[in-house]
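>>> what's the 3D shape of this:
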Amino acid sequence: MQKFGKIIHCAALPLLALLFALLSSPLMALPVTTVNSDALSEERAKLLSGEVIVTVSALQEGVTSVEGKIYIAAPPKKVWQVITDYNNHKNFVPNVIDSGIISDNGIETVMFEKGKSRMLIFSKEVYIKMKVWGDNLTRLCFQQITGDFKVYHGEWLLVDYPQGAGTFLTYKAEVKPDFYAPAFAVRNVQNRDCPLMMLAMKKQAEFNSEETLSSSRNEGEGGVTKNSAVADNP
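Here you go, the predicted structure:
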């Protein structure tokens, strides 16, 4: 029996070696890498062409997951300023009728938003008080403290795109109202409102970025004119 076990062991070693070689081979890994890379390239091409990509899905216990992606022709600094401009969200984000900062300790901000949500033929005002924290210019997390939701949390992700001097912005959230609303209706609302919100962030960030560039150009031109005038009048 011991001899038979040695024979099995010896026979298995070449098979294990062959299996390991196949799994480690670049040829075996290539299809997976290619699919992921192609999918990423296709998604980025859509975003760079101006498309907003939104994915909405149903999770357990009536929670709705929403993910929105957009490309913004502005650096992460400008995009971050717009996302965190809580006092002014009411002025440029659709369906937000009031917003502002309650407290800020430098690490975590507490803010509120009041919005009007339309669901089927009905409309309802919703209120939410959130804590917001994150990593400057790259990731901003948010979670409800009190409000009209049983579940409301998520994050903003910013990815710098140096080739276009812009930013890929991703919004992820999980939501569940604390009032009766059919799950399909909540998904419809997210499908409708998420692109509007993403486009509003894009428009505001690009406007602010262009305004800064214009101001810099004007200051530069003013400096050249002033120096020329000094040179002409010794």
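
>>> excluding its backbone neighbours, what's nearest the residue nearest the centre of the chain?
Geometric centre of the chain, nearest residue: residue 170, 1.7 Å, by Cα atoms, centre = their mean. Nearest non-adjacent residue to residue 170, counting by Cβ to Cβ, 6 or more residues apart in numbering: residue 157, 4.2 Å away. Glycine gets a C-beta too; all of them are placed from N, C-alpha and C.

>>> Tally up the residues packed near residue 39, please.
Residue 39 has 10 neighbours, counted by other Cβ atoms under 10 Å.

>>> do residue 154 as well
Applying other Cβ under 10 Å, we find 18 other residues in the vicinity of residue 154.

>>> Could you pull up phi and psi at it?
Torsion angles at residue 154 (phi, psi; degrees, to the nearest 10) stand at phi 170, psi -160.

>>> cool, residue 94 as well?
The phi and psi values for residue 94, taken as degrees, to the nearest 10, are phi -60, psi 140.

>>> And the pLDDT for residue 224?
pLDDT for residue 224: 43.

>>> Tell me how confident the model is about the host helix or strand of the residue nearest to the centre of the chain, as a mean pLDDT.
In this assignment (DSSP states H and E), residue 170 forms part of strand 166-177. Here strand 166-177 scores 97 as its mean pLDDT.

>>> list the helices and strands the longest helix anywhere in the chain packs on?
Secondary structure assigned by DSSP state H gives helix 183-232 as the longest helix of the chain. Helices and strands touching helix 183-232, by 3 or more Cβ pairs under 8 Å, 6 or more residues apart in numbering; DSSP states H and E, are strand 53-58, strand 64-72, helix 76-83, helix 89-92, strand 109-119, strand 166-177.

>>> Could I get the ones you listed in JSON lines, plus columns for distance to residue 144?
Below are the helices and strands packed on helix 183-232 laid out as JSON lines (distance: least, Cβ to Cβ, whole Å):
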{"stretch": "strand 53-58", "distance to residue 144": "19"}
{"stretch": "strand 64-72", "distance to residue 144": "14"}
{"stretch": "helix 76-83", "distance to residue 144": "17"}
{"stretch": "helix 89-92", "distance to residue 144": "16"}
{"stretch": "strand 109-119", "distance to residue 144": "10"}
{"stretch": "strand 166-177", "distance to residue 144": "9"}
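
>>> do you know which of these lies nearest residue 211?
helix 76-83 (9.7 Å; Cβ to Cβ).
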